[in-house]
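Novice: Just a sequence and a predicted model for now, questions to come.
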Amino acid sequence: MSDGTSGNSIDVRDVRKVFGAVDTGFVALDTVSVSIRQNEFFTLLGPSGCGKTTLLRLIAGFDFPTAGQILLYGEDIAGLPPFKRPVNTVFQSYALFPHMTVAENIGFGLEMLGKPKAEVKARVTEMLRLVRMEHLAGRKTSQISGGQQQRVALARALAPQPKVLLLDEPLSALDYKLRKEMQLELKRLQGETGITFIFVTHDQEEALTMSDRIAVMSAGKILQVGTPREIYDSPSERFVAEFIGETNFIEADLIAHDGDYATVRLPTGQQIQATLAEGHKPGDKVWLVVRPEHAQLVPAPQAMLSGTVENIVYLGTDTHFHLRLDNGPLFTVRRQNTRGVAEVFEPGQRAGVAFADGTARVLRD
């Protein structure tokens, strides 16, 4: 096995996956390329049917690409069966053995690999400590909670020390509070083990919470790869902006651009500075994206955009103001709630929207 001098655990190169006839079948992955670095928490994020689980299965060896290469530390593994890949997978269904204890479940894979009993025992002890379940080592897995079962499944997958751990929506069966706890637990485990984690989810909050980098997928393609902050603050196109968090879209005219910034004209005629994604030229009709927390409600005469407050939603930590703009679309402003801040706008009242230069971003459609 190569040392992986490129710094990548996985390199996916021009991978195409077609189910059925090559010319007429369903294209699940359409010439996908991505590099996943050593020791990072990398997430494949997208809606159902976008190809993220198919890509995970190709890396695992449960399916084979129609075309392209999958490299593990520089070595092409696209044709290798799963048992010949130093890769383990944690599925949505944990597939634990209910008649075995926690310790026996964790050690099962090591025993199947023919490891000496002393080595198995030492490794199981280490894994129990890692997932903080030493006190439950002798308990049957049918007698522990869903979150504890999830930890056992993780410990079992980590026990053989894989070079890459694949996680196919493993938190989907947990309730909200437990999911939040396990998100932090997964991030801790990845940091402590130093193993590359590749995580599949359709939950954008989950991806933002845990990931070092995220690949946003749609219709068999990777649209953008970046850190959570890059994906959220600097989406490359409209689908990414819509899928990651709540957002507002404003139709505008691109007047001029200089490097990463553009001058755009709003529907009111006012000109502002916005950050610019590639692929636009002066004279284009463009979409601007403005996150709700980056805008403020102001009296209408001071506004870039004006309208009527339709609805106010109090959510505890913050309040959402829904404003129907004069030119038709709905615009949401999110304001964090702090003590002593009184409501200054009411439903039916005229109000305006303001945001700083550089806050809005010009997107590819």
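Specialist: Thanks, I have the structure now. All figures in this text were calculated on a predicted structure; none of them were measured in a lab.
Novice: and the most centrally placed residue in the chain, helix, strand or coil?
Specialist: The chain has residue 207 as the residue nearest its centroid, 3.1 Å off, counting by C-alpha atoms, centre = their mean. Put simply, residue 207 is helix when judged by DSSP: H, G, I helix; E, B strand; the rest coil.
Novice: quick one, what contacts it?
Specialist: By C-beta atoms under 8 Å, 6 or more residues apart in numbering, the residues touching residue 207 are 43, 45, 199, 201, 214, 228. In short, each C-beta sits where N, CA and C put it, glycine included.
Novice: So which elements touch the helix or strand harbouring the first one?
Specialist: The one in question is residue 43. Residue 43 is part of strand 41-45 when elements are defined by DSSP states H and E. Packing partners of strand 41-45 (3 or more C-beta pairs under 8 Å, 6 or more residues apart in numbering; DSSP states H and E): helix 52-60, helix 176-193, strand 196-201, helix 204-210, strand 213-218.
Novice: From the rest of the structure, what touches that strand?
Specialist: Contacts of strand 41-45 (C-beta under 8 Å, 6+ apart): 36, 52, 55-56, 186-187, 190, 196-202, 204, 206-207, 210-217, 243-244.
Novice: Mind doing that once more with 7 Å?
Specialist: By C-beta atoms under 7 Å, 6 or more residues apart in numbering, the residues outside strand 41-45 that reach it are 36, 52, 55-56, 187, 190, 197-201, 204, 207, 210-217.
Novice: I'd like the mean pLDDT over that strand, please.
Specialist: In this model, strand 41-45 has a mean pLDDT of 97.
Novice: and if you look at stretch 140-158?
Specialist: Confidence for stretch 140-158, expressed as mean pLDDT, is 90.
Novice: In terms of pLDDT, where does the residue located most distally from the centre of the chain sit?
Specialist: For the chain, the C-alpha farthest from the mean C-alpha position belongs to residue 301; by C-alpha atoms, centre = their mean, that distance is 40.0 Å. Note on residue 301: pLDDT of 78.
Novice: Pull the contacting residues for residue 168.
Specialist: Contacts for residue 168 were tallied using C-beta under 7 Å, 6+ apart; they are 53, 56, 89, 91, 92, 200.
Novice: Write the ChimeraX selection for whichever of those residues are buried.
Specialist: Buried members of the contacts of residue 168, defined by 16 or more other C-beta atoms under 10 Å, are picked up in ChimeraX with:
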select :53,56,89,200
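Novice: Single out whichever of the contacts of residue 168 has the smallest pLDDT.
Specialist: pLDDT across the contacts of residue 168 is lowest for residue 92, at 79.
Novice: buried ones in the helix or strand containing residue 320?
Specialist: Using DSSP H and E, residue 320 sits within strand 318-325. For strand 318-325, a neighbour-count test (16+ other C-beta under 10 Å) marks 319, 320, 321, 322, 323, 325 as buried.
Novice: quick one: the fourth one and residue 329 touch, right?
Specialist: So the one you mean is residue 322. No - contact criterion C-beta atoms under 7 Å: residue 322 and residue 329 do not qualify, at 10.9 Å.
Novice: give me the number of residues near the nearest residue to residue 50 once chain neighbours are set aside?
Specialist: Closest residue in space to residue 50, ignoring its immediate chain neighbours: residue 217 at 4.3 Å, by C-beta to C-beta, 6 or more residues apart in numbering. By other C-beta atoms under 10 Å, 28 other residues sit near residue 217.
Novice: Same question for residue 11.
Specialist: For residue 11, the neighbour count with other C-beta under 10 Å is 19.
Novice: Report whether it is found in a helix, as I expect.
Specialist: No - under the criterion used here (three-state DSSP), residue 11 is strand, not part of a helix.
Novice: can you start the count at 49 instead of 1 from here on
Specialist: Yes, from this point I'll number from 49; that puts the last item at residue 59.
Novice: is it true that it touches residue 119?
Specialist: Yes - if you go by C-beta under 7 Å, residue 59 and residue 119 touch, sitting 4.1 Å apart.
Novice: Look up phi and psi at residue 290.
Specialist: Main-chain dihedrals, residue 290, degrees, to the nearest 10: phi -70, psi -40.
Novice: Return the residues in contact with it.
Specialist: Residue 290 touches nothing, counting by C-beta under 7 Å, 6+ apart.
Novice: nearest residue to residue 203 other than its sequence neighbours?
Specialist: residue 175 is the one closest to residue 203 (C-beta to C-beta, 6+ apart), at 4.0 Å.
Novice: make that residue 204, sorry
Specialist: residue 154 (5.0 Å).
Novice: which secondary structure elements does whichever strand or helix holds that neighbour contact?
Specialist: Following DSSP H and E, one finds residue 154 within helix 150-160. Other helices and strands packing on helix 150-160, by 3 or more C-beta pairs under 7 Å, 6 or more residues apart in numbering; DSSP states H and E, are helix 165-178, helix 194-206.
Novice: Need the contact partners of that helix.
Specialist: 144-145, 168, 171-172, 175-176, 181, 184-187, 189, 192, 200, 203-204, 207-208.
Novice: Try it again at 8 Å.
Specialist: 144-145, 148, 167-169, 171-172, 175-176, 181, 184-189, 192, 196, 200, 203-205, 207-208.
Novice: Generate a ChimeraX selection restricted to the buried entries among these.
Specialist: One line in ChimeraX is enough to select the buried members of these, burial here meaning 16+ other C-beta under 10 Å:
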select :144,148,168,171,172,175,176,181,184,188,189,192,196,200,203,204,205,207
